[in-house]
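> generate coordinates for the sequence data below:
(2 chains, ligands or ions: 2)
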Amino acid sequence: MSILILADHDNGQLAAATLNTVTAATQIGGDIHVLVAGDASGDVAKDAAAIAGVSKVLTAEADAMAHGIAENIAPLIQSMASGYSHLMAPATTTGKNIMPRVAALLDVMQVSDIIKVESADTFQRPIYAGNAIATVTSSESVKVVTVRSTAFEAAAAEGGSASIEAVDSGSDSGLSSYVKSELSSSERPELTSAPIVISGGRGMQDGSNFAMLEKVADKLGAAVGASRAAVDAGFVPNDYQVGQTGKVVAPDLYVAVGISGAIQHLAGMKDSKVIVAINKDEEAPIFQVADFGLVADLFDAVPELEGKLG
Amino acid sequence: MKVLVPVKRVIDYNVKVRVKADNSGVELANVKMAMNPFDEIAVEEALRLKEAGGADEVVAVSIGPTQNQETIRTALAMGADRGIHIEAPHEVEPLAVAKLLKAVVEREEPGLVFVGKQAIDDDCNQTGQMLAALLGWAQGTFVSGIEIKGDSATVVREVDGGLEHLEVKMPAVVTVDLRLNEPRYASLPNIMKAKKKPLDSMSADELGVDVTPRLAITRVEEPPAREAGIKVSDVGELVDKLKNEAKVI
Ligand SMILES: Cc1cc2nc3c(=O)[nH]c(=O)nc-3n(C[C@H](O)[C@H](O)[C@H](O)COP(=O)(O)OP(=O)(O)OC[C@H]3O[C@@H](n4cnc5c(N)ncnc54)[C@H](O)[C@@H]3O)c2cc1C
Ligand SMILES: Cc1cc2nc3c(=O)[nH]c(=O)nc-3n(C[C@H](O)[C@H](O)[C@H](O)COP(=O)(O)OP(=O)(O)OC[C@H]3O[C@@H](n4cnc5c(N)ncnc54)[C@H](O)[C@@H]3O)c2cc1C
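Residues are numbered from 1 along each chain as shown, chains lettered A, B, ... in the order given. Ligands and ions are numbered 1, 2, ... in the order given. Now for the predicted structure:
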């Protein structure tokens, strides 16, 4: 068996979720190769080669590969597929965009967002916003799989010494072209891999009130997240959204502030190790999943919390 | 230009699903069903395009058992012009759905297909991308903004790092995200009118697509339950518990 993993990166840095995908691949077993499709992405290839467990890094460098365009990258992966038992990617927006296109080109069904490897062909994945877990067996000749990063430990970023080889870098399909990005920049840790996350909901009332959460986050080295309601209301950008249709997080500590606890939100955070809820409504469903619940007005409790963190 | 909108019938998003006692699936009997929320957004976008003069017909298509016609009627009541129902068993995998939709696209020749980014039951997030692959079309996924200019469209995508703008050549498949628009409600008169709008029915066989599943779901179970927590009386107690009991700060 050998497994090809599509690295998620921005040409400069390897996304952490790639490491969790390597762990899932290790559990399946076999030779693990990582494909870095990008442009001027040599540093990413070096980082990928250093991941423990990876035996080979394949690089496809070209303009057309620079921006994760599925119409260009999917045919490249299709052309490399023979010889691999599994084609994998993290279930990030990049992986979710590209891998179903690969699967369809190969005429195979994809298994999305796995949370457990039972064997080389059997996986667990959440359905219905995580309210049920399905065990799925694929008899496809090549298994196309995306991996929920929070369900697998990160592989060690150091210690590997894979070879780096260039492959034919594919071509431009001429179907889509990159225009620009508007990325949120933040000094705080990345939401999906942060050890602590503090999220605000509609109860925050205003975007400027998120400054209160940011102060707590800075003291704890935490990332800041939000409910859909807070994003829809324009308090914070879309990439803050935690939930079924946003990001899935599973930090050591998740603090939900002014969030009611709708199932769609819980789907994105209920695997956190410790959950704290601060809400003025003692009936709020978020308290049903909270290890520590504080019934209080957030406008009193959050500043006090910040003060007590010293 | 014609716009095609696939609409899926799913468990209403407010329903708390229950796993069947024999672990064969989730309880669907007597459960409230509704149009997948993302598909409401897709229908809305198609209607807005038509109202702005950018499209002349909106066709809703659903794949599944006879009850899926209700979902198509909902789309028609929102304002879609015509419906197509493809009779198939409840469980049709995204790859087969994409193949059926490809067959419909070849008959209808739409300039755009608006698909939901994911269905809230199986959460696969595959169908749109697969359809684009099978057609050899451009794909704009997780889209929260779209502007059509001649034979291409600029889409704004919600990605992990923020937003990304892409130019996609038309015809294209666009998968819609939550913030693209706020879907309208169907008014009572429009619900009545929708009953008279044309709705064609055909079978998967007629379209020459094999819908045999490729994956086997061998077991469906409840996720592990979280143990009940406690209420703390004040911020001081909270900080103390986090430091000394949970040891997470
Ligand atoms: C298709 C679909 C997908 C969705 N995906 C997601 C998703 O990915 N993520 C997500 O989060 N949601 C998602 N939702 C939305 C979800 O159903 C809820 O509407 C949303 O999570 C509610 O956000 P909220 O808890 O911030 O707001 P609300 O439900 O309005 O709750 C606000 C809470 O703040 C409390 N509060 C108010 N003022 C104060 C105060 N001063 N002090 C303390 N507490 C206060 C209130 O008691 C209340 O509990 C989705 C919905 C649909 C239909
Ligand atoms: C408990 C359970 C048991 C299951 N058992 C089986 C089984 O035994 N065998 C089997 O093969 N599959 C089974 N399935 C899988 C399931 O029915 C299909 O995978 C699913 O219908 C397609 O995935 P999705 O809707 O999440 O796709 P997504 O890719 O998330 O859907 C995205 C979009 O595609 C469009 N779309 C998707 N489906 C349709 C449709 N039917 N009509 C119109 N538009 C559509 C919509 O626009 C939708 O928003 C089971 C699922 C569950 C939850």
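
> surely A:Ala64 touches A:Ser171?
Yes: in this structure, A:Ala64 is within contact of A:Ser171 by Cβ atoms under 8 Å, at 6.4 Å. Where C-beta positions appear, they are placed from N, C-alpha and C, glycine not excepted.

> compare those two (neighbour count), which wins?
A side-by-side neighbour count of A:Ala64 and A:Ser171, using other Cβ atoms under 10 Å in any protein chain shown, places A:Ala64 first with 23 against 12.

> point out where chain A drops to low pLDDT.
Along chain A, no part satisfies pLDDT under 70.

> biggest strand in chain B by residues?
If you go by DSSP state E, chain B has its longest strand at strand B:138-149.

> any part of whichever helix or strand comes after that one near chain A?
Heading C-terminal from strand B:138-149, the first helix or strand you meet, by DSSP states H and E, is strand B:152-159. Yes: contact of strand B:152-159 with chain A (Cβ under 8 Å from any Cβ of the partner chain) involves B:Thr154, B:Arg157, B:Glu158, B:Val159.

> okay, the residues you listed in CSV with pLDDT next?
Listed next are the residues of strand B:152-159 next to chain A as CSV, based on pLDDT from 0 to 100:
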residue, pLDDT
B:Thr154, 98
B:Arg157, 97
B:Glu158, 96
B:Val159, 95
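
> all the helices of the chain, residue numbers only.
In the absence of a named chain, this looks at chain A. For chain A, helices defined by DSSP state H occupy the ranges A:17-28, A:42-50, A:70-80, A:93-105, A:210-220, A:228-232, A:263-266, A:298-308.

> not quite, go with chain B.
For chain B, applying DSSP H gives helices covering B:37-51, B:68-78, B:94-108, B:127-135, B:188-194, B:235-240.

> span of stretch A:267-276 from start to end?
16 Å (Cα to Cα, to the nearest Å).

> same check, this time on stretch B:160-175
End-to-end distance for stretch B:160-175, by Cα to Cα: 16 Å.

> could you count how many residues lie near A:Pro249?
For the record, residue A:249 is Val, not Pro. A:Val249, neighbours per other Cβ under 10 Å, totals 23.

> right, I mislabeled it, should have said B:Met1
15.

> the nearest residue to it once chain neighbours are set aside and ligand 1, how far apart?
In this structure, B:Met1 finds its nearest non-sequential neighbour in B:Gly111, 3.7 Å apart by Cβ to Cβ, 6 or more residues apart in numbering or on different chains. Distance of B:Gly111 to ligand 1, given as Cβ to the nearest ligand atom, to the nearest Å: 26 Å.

> ditto for B:Gly79
From B:Gly79 to ligand 1 the distance is 20 Å (Cβ to the nearest ligand atom).

> what about that residue, how many neighbours?
Taking other Cβ under 10 Å as the definition, B:Gly79 ends up with a neighbour count of 22.

> wait, it sits on B:Leu47?
Yes: contact status for B:Gly79 versus B:Leu47: in contact at 4.5 Å, counting by Cβ under 8 Å.

> wait, what's in contact with B:Gly236?
B:Gly236 makes contacts with A:Lys308, as judged by Cβ atoms under 8 Å, 6 or more residues apart in numbering or on different chains.

> who are the contact partners of B:Lys102?
B:Leu131, B:Leu134, B:Leu135.

> just checking, the residue nearest to B:Met1 touches B:Lys169?
No: contact between B:Gly111 and B:Lys169 fails when scored by Cβ under 8 Å: they sit 11.1 Å apart.

> residues making contact with stretch A:169-181?
Here stretch A:169-181 makes contact (Cβ under 8 Å, 6+ apart) with A:37, A:60-67, A:69-73, A:75-76, A:79, B:137-140, B:154, B:159, B:161-169, B:172.

> how far off centre is it?
From the chain centre to the centre of stretch A:169-181 is a distance of 23 Å (Cα atoms, centre = their mean, to the nearest Å).

> just grab the bridge partners of the residue nearest the centre of chain B for me.
Nearest to the mean C-alpha position of chain B, by Cα atoms, centre = their mean, lies B:Gly116 at 3.3 Å. Judged by DSSP bridges, the bridge partners of B:Gly116 are B:Val176.

> in space, what's closest to A:Lys280 - neighbours in sequence excluded?
Per Cβ to Cβ, 6+ apart, closest to A:Lys280 is A:Asp297, 5.1 Å.

> got the phi/psi numbers for that neighbour?
With angles defined as degrees, to the nearest 10, A:Asp297 sits at phi -80, psi 130.

> which of the residues of strand B:152-159 next to chain A lies closest to ligand 1?
Nearest to ligand 1 out of the residues of strand B:152-159 next to chain A is B:Glu158 (Cβ to the nearest ligand atom; 11.1 Å).

> what's the burial count for B:Leu180?
24.

> got a list of what it touches?
Contact analysis of B:Leu180 by Cβ under 8 Å, 6+ apart lists B:Ile41, B:Glu44, B:Glu45, B:Val143, B:Ser144, B:Gly145, B:Ile146.

> how about B:Leu163?
A:Ser181, A:Glu182, A:Leu183, A:Pro237, A:Asn238, B:Ser144, B:Val156, B:Arg157.

> and those residues, which are buried?
Among the contacts of B:Leu163, those classed as buried by 16 or more other Cβ atoms under 10 Å in any protein chain shown are A:Pro237, A:Asn238, B:Ser144, B:Val156, B:Arg157.

> before we move on, the earlier item: right, and the helices of chain B - which one's nearest A:Thr135?
helix B:94-108 (18.2 Å; Cβ to Cβ).

> give me the distance from that closest one to the chain's centre.
The gap between where helix B:94-108 is centred and where its chain is centred comes out at 15 Å by Cα atoms, centre = their mean.

> what mean pLDDT does that helix get?
Taken as a whole, helix B:94-108 has a mean pLDDT of 98.

> next, the buried residues of that helix.
For helix B:94-108, a neighbour-count test (16+ other Cβ under 10 Å) marks B:94-105, B:108 as buried.

> present these as TSV; the columns should include distance to A:Gly53.
As requested, the buried residues of helix B:94-108 are exported to TSV (distance: Cβ to Cβ, whole Å):
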residue	distance to A:Gly53
B:Pro94	30
B:Leu95	30
B:Ala96	35
B:Val97	35
B:Ala98	34
B:Lys99	36
B:Leu100	40
B:Leu101	39
B:Lys102	38
B:Ala103	43
B:Val104	44
B:Val105	42
B:Glu108	48
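
> need those residues in TSV with distance to ligand 1, can you?
Shown next, in TSV, are the buried residues of helix B:94-108 (distance: Cβ to the nearest ligand atom, whole Å):
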residue	distance to ligand 1
B:Pro94	18
B:Leu95	23
B:Ala96	23
B:Val97	19
B:Ala98	21
B:Lys99	26
B:Leu100	23
B:Leu101	21
B:Lys102	26
B:Ala103	28
B:Val104	24
B:Val105	25
B:Glu108	27
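
> can you narrow those to ones near ligand 2?
Restricting the buried residues of helix B:94-108 to those near ligand 2 by Cβ under 6 Å from any ligand atom leaves B:Pro94, B:Val97.

> and B:Asn30, how many neighbours?
5.

> A:Ala166 touches A:Val57, doesn't it?
No: using Cβ under 8 Å, A:Ala166 is not in contact with A:Val57; the gap is 9.9 Å.

> higher neighbour count, these two?
Taking other Cβ under 10 Å, A:Ala166 and A:Val57 do not tie; A:Val57 has more neighbours (25 against 11).

> still on that earlier bit, neighbours around the residue nearest to A:Lys280, how many?
A:Asp297 sits with 12 neighbouring residues when counted by other Cβ under 10 Å.

> cool, and A:Ser82?
9.

> residue ranges with poor pLDDT in chain B?
B:90.

> got the residues of it near ligand 2?
Counting by Cβ under 6 Å from any ligand atom, chain B sits next to ligand 2 at B:6-8, B:25-26, B:36, B:38-39, B:62-64, B:91-94, B:97, B:115-116, B:118-119, B:121-127, B:213, B:217, B:220.

> just those: which are in strands?
Those of these lying in strands (DSSP E): B:Pro6, B:Ser62, B:Ile63, B:Gly64, B:Val115, B:Gly116, B:Ile217, B:Val220.

> wait, which of the buried ones among the contacts of B:Leu163 is closest to ligand 1?
Distance to ligand 1, by Cβ to the nearest ligand atom, is smallest for A:Asn238 among the buried ones among the contacts of B:Leu163, at 10.4 Å.
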